[in-house]
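Student: No letters, just coordinates:
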Ligand SMILES: Nc1ncnc2c1ncn2[C@@H]1O[C@H](COP(=O)(O)OS(=O)(=O)O)[C@@H](OP(=O)(O)O)[C@H]1O
């Protein structure tokens with residue numbers, strides 16, 4: 001259970017935990033957002049590789065886009081801020097499908113949904129909870145894992161999030177796997193550019209791969225100061241909290257065999273109708 005002090009950095013909206021940086025008024029008025037037909041939404045459950053994909057898109061030559069701050073970050077003035085962008089907007093969010101503004105669904109805006117195997121996602125989120133002053137400090141991995149499995153963490157249950165998006169997958173939704181980006185970056189990049197109607201040649205791909213490698217992104221964050229008002233994740237404006245290990249399979253260093261069994265049983269039960277489950281199992 002979260003103590004009252006821990007809850008002060010989070011609040012519940014429609015049963016889901018959000019950072020207090022996402023105001024209740026904004027969450028309540030999401031359906032009044034006016035989407036543009038060429039908007040692109042960069043959607044993920046936290047810690048799935050959002051910053052990486054954002055950096056990839058930003059580095060596509062002649063992309064003519066602006067990456068905005070998350071749609072759920074801030075107060076009611078958010079929609080006025082989003083109106084000020086003249087270029088094609090790439091808008092990040094950790095919202096589940098159900099909470100996404102209705103106009104985005106009606107206009108069938110493009111969505112890139114980034115997904116990562118849930119065990120690594122949980123470990124990454126555990127560290128985020130510990131390092132990020134905007135999130136409650138959870139003493140132990142075991143205590144955090146219980147919260148994660150109950151969906152009592154920011155943005156709710158990983159299972160509900162992923163299933164909400166899988167259920168609404170259509171030609172306007174591209175699903176990108178973190179692990180596939182690690183394994184075959186070229187293939188993932190080609191999928192992204194084709195989906196966005198952009199073109200990159202081989203030397204440009206090499207350049208993007210280099211600029212968006214984990215070490216390069218981490219170094220850049222250490223060396224360069226970033227505009228604190230410009231963040232990809234509504235849970236922090238401090239980019240240095242984002243780049244931790246950037247590997248596949250770190251979960252093995254945290255899960256006991258019992259925790260793995262409990263996790264796998266829940267995964268099998270919750271994901272029994274999911275087509276994504278097979279690939280996610282391959283990646284865990
Ligand atoms: N370039 C690159 N290559 C590989 N991995 C990368 C890269 N950039 C970010 N990361 C890792 O992605 C994790 C953070 O995910 P998000 O960007 O979705 O986090 S956030 O919720 O939006 O803050 C987080 O994972 P962990 O290292 O496992 O914690 C980051 O390190």
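Tutor: That came through fine. Remember, predicted model here, so these are calculated numbers, not experimental data. Numbering: from 1, shown residues only.
Student: Please count neighbours and contacts with C-alpha atoms only from this point.
Tutor: Will do.
Student: Now do residue 2, the pLDDT please.
Tutor: You'll see residue 2 listed with a pLDDT of 50.
Student: Same question for residue 189.
Tutor: Looking at residue 189, its pLDDT stands at 97.
Student: helix, strand or coil for it?
Tutor: Judged by DSSP: H, G, I helix; E, B strand; the rest coil, the three-state class of residue 189 is helix.
Student: who's in contact with the helix or strand harbouring residue 259?
Tutor: Assigning secondary structure by DSSP states H and E places residue 259 in helix 257-270. Helix 257-270 has contacts (CA atoms under 8 Å, 6 or more residues apart in numbering) with 149, 159.
Student: what mean pLDDT does the next helix or strand after it have?
Tutor: Where DSSP H and E defines the elements, the next helix or strand beyond helix 257-270 is helix 276-282. Mean pLDDT, computed over helix 276-282, is 90.
Student: Check the offset of helix 276-282 from the chain's centre.
Tutor: 18 Å (CA atoms, centre = their mean, to the nearest Å).
Student: Output the contacting helices and strands for it.
Tutor: Applying 3 or more CA pairs under 8 Å, 6 or more residues apart in numbering; DSSP states H and E, we find helix 276-282 packed against no helix or strand.
Student: Enumerate the positions of stretch 217-237 that are buried.
Tutor: If you call a residue buried by 16 or more other CA atoms under 10 Å, then stretch 217-237 has these buried ones: 217, 218, 221, 230, 231, 232, 233, 234, 235, 236, 237.
Student: Show me the subset of the residues you listed that also lies near the ligand.
Tutor: Applying CA under 6 Å from any ligand atom to those, one finds that 217, 233 fall near the ligand.
Student: Show me the strands in the protein, by range?
Tutor: Applying DSSP state E to the chain gives strands spanning 10-13, 16-19, 40-44, 65-67, 88-93, 110-115, 173-177.
Student: and residue 144, how many neighbours does it have?
Tutor: By other CA atoms under 10 Å, 23 other residues sit near residue 144.
Student: show me the residues around it that make contact.
Tutor: 126, 138.
Student: Kindly report the same for the one 10 residues further on.
Tutor: The contact partners of residue 154, by CA under 8 Å, 6+ apart, come to 10, 16, 17, 18, 19.
Student: Tabulate those residues in a markdown table, adding columns for pLDDT and distance to residue 196.
Tutor: Listed next are the contacts of residue 154 as a markdown table, based on pLDDT from 0 to 100; distance: CA to CA, whole Å:
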| residue | pLDDT | distance to residue 196 |
| --- | --- | --- |
| 10 | 95 | 35 |
| 16 | 97 | 31 |
| 17 | 97 | 32 |
| 18 | 97 | 30 |
| 19 | 95 | 31 |
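Student: Narrow the residues you listed to just the buried residues.
Tutor: Buried members of the contacts of residue 154, scored by 16+ other CA under 10 Å, are 10, 17, 18, 19.
Student: Can you verify my assumption that the third one contacts residue 152?
Tutor: No. Shown here, residue 18 and residue 152 do not form a contact pair, counting by CA atoms under 8 Å, at 10.5 Å.
Student: on that earlier part again, just the closest of the buried ones among the contacts of residue 154 to residue 31, please.
Tutor: residue 18 (17.3 Å; CA to CA).
Student: and the gap between the closest one and the ligand?
Tutor: Separation of residue 18 from the ligand (CA to the nearest ligand atom, to the nearest Å): 12 Å.
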